[in-house]
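Colleague: below is the structure, and that's it, no one-letter string:
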């Protein structure tokens with residue numbers, strides 16, 4: 001099994017939500033030694049923009065229409081990143097609480 005941890009706090013180890021998630025993941029790894037844990041820090045990843053070009057590429061793909069080069073590149077970047085999320089069997093989200 002693959003567990004994806006999505007870290008949403010920009011505060012890294014200073015974040016309480018990150019510390020709680022890390023404690024959970026440590027326990028989880030002990031209970032499920034055969035599982036793979038993948039960490040995804042949204043503040044460190046280079047996420048593609050989902051802009052008008054990518055959206056146009058998505059809709060053309062859904063309709064089976066041909067893409068322009070720019071649309072094809074933009075949509076492929078988004079699609080590849082989405083596959084990373086879709087490949088996870090389990091997802092843990094650590095999200096900051098700002099008040």
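Modeller: The structure has been received and is ready for your questions. Model, not experiment: these values are computed from the prediction.
Colleague: which residue comes closest to the most centrally placed residue in the chain once chain neighbours are left out?
Modeller: When Cα atoms, centre = their mean is applied to the chain, the residue found nearest the centroid is residue 85 (5.1 Å). Once flanking residues are discounted, residue 85 sits nearest to residue 4: 6.6 Å by Cβ to Cβ, 6 or more residues apart in numbering. Placement of C-beta: from N, CA and C, glycine included.
Colleague: host element of the nearest residue to residue 88 once chain neighbours are set aside?
Modeller: Leaving aside its sequence neighbours, residue 88 sits nearest to residue 4 (Cβ to Cβ, 6+ apart; 3.6 Å). Element membership for residue 4 (DSSP states H and E) is strand 2-7.
Colleague: and the next helix or strand past the longest helix seen in the chain?
Modeller: Counting residues, the longest helix found in the chain (DSSP state H) is helix 69-86. Per DSSP H and E, the first helix or strand lying C-terminal to helix 69-86 is strand 90-94.
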